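Peer 1: Turn this into a structure:
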Amino acid sequence: MRFEEREIISRELGKDRSARFIAKVLGRHHSTIAREIDRNGGPVEYRAVEAERRAEDNLRRPKERKLESSTRLHDAVNDGLREQWSPKQIGQRLCEDYPDDPEMRVSHETIYECLYLQARGELRTQLTIALRQGRTRRVNRSRATSTRGKILDMVN
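Peer 2: Below is the predicted model of the structure:
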């Protein structure tokens with residue numbers, strides 16, 4: 001979303017216009033506008049300059065990984081790995097142990113990502129021993145399973 005669009009949102013909210021009305025003016029879906037408003041303080045507190053600054057802050061790279069920024073979470077994940085739990089079990093267990101603490105939530109994908117990024121030399125050997133699958137590289141599940149061997153525009 002551009003700054004000009006945020007300015008229009010701010011002005012229209014000042015006139016007590018709905019997200020649906022603003023969306024029609026901007027040519028966007030109303031849920032996009034509603035999320036933008038909610039993310040930045042709601043209809044009363046929304047300010048275009050603050051929304052733009054927050055959006056720019058969220059775009060900054062590189063971002064610190066969640067397991068690196070929180071020592072409590074890092075230690076809890078390490079404890080689970082020492083118990084030989086799978087990353088999925090660790091993620092579920094953290095939800096049970098800390099139901100009201102969003103800082104202590106982590107997905108199994110995040111755990112796998114950090115494990116495989118750290119795996120160099122001796123650590124890679126230890127990773128092979130520790131993980132059930134014994135892989136030293138992560139297979140990205142979002143990619144197509146077979147990208148090789150296809151004949152383009154094949155006619156049976």
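
Peer 1: Would you map out the domains in the protein?
Peer 2: Domains of the chain are assigned by the TED database as 3-60, 71-119.

Peer 1: Of those, give the one that comes closest to residue 154.
Peer 2: Among the domains of the chain, the nearest to residue 154 by C-beta to C-beta is domain 71-119 (34.2 Å). Where you see a C-beta, it was placed from the backbone N, CA and C, and this is true even at glycine.

Peer 1: quick check: mean pLDDT across that closest one?
Peer 2: Mean pLDDT, computed over domain 71-119, is 85.

Peer 1: returning to what we had before: could I get the domains of the chain in TSV, plus columns for mean neighbour count and distance to residue 154?
Peer 2: Output for the domains of the chain, formatted as TSV (neighbours: other C-beta atoms under 10 Å; distance: least, C-beta to C-beta, whole Å):
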stretch	mean neighbour count	distance to residue 154
domain 3-60	15	38
domain 71-119	15	34
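
Peer 1: I'd like to know which of the ones you listed lies nearest to residue 149.
Peer 2: Of all the domains of the chain, domain 71-119 sits nearest to residue 149, with 26.5 Å by C-beta to C-beta.

Peer 1: from the chain's centre, how far out does that closest one sit?
Peer 2: Computed by C-alpha atoms, centre = their mean, to the nearest Å, the chain-centroid distance of domain 71-119 equals 15 Å.

Peer 1: same deal with stretch 10-18?
Peer 2: Centre-to-centre, stretch 10-18 and its host chain are 31 Å apart (C-alpha atoms, centre = their mean).

Peer 1: could you give me the average pLDDT of it?
Peer 2: On average, the pLDDT along stretch 10-18 is 95.

Peer 1: Only alpha carbons, please: show it as CSV.
Peer 2: Taking Å, rounded to 0.1, in the frame of the first residue of the first chain, the C-alpha atoms of stretch 10-18 are listed here in CSV:
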residue,chain,number,x,y,z
SER,A,10,-6.9,8.7,7.1
ARG,A,11,-9.0,11.5,5.6
GLU,A,12,-12.0,9.2,4.9
LEU,A,13,-11.9,7.8,8.5
GLY,A,14,-12.0,11.4,9.7
LYS,A,15,-15.3,11.7,7.8
ASP,A,16,-16.6,8.5,9.6
ARG,A,17,-16.5,6.5,6.3
SER,A,18,-16.6,2.7,6.4
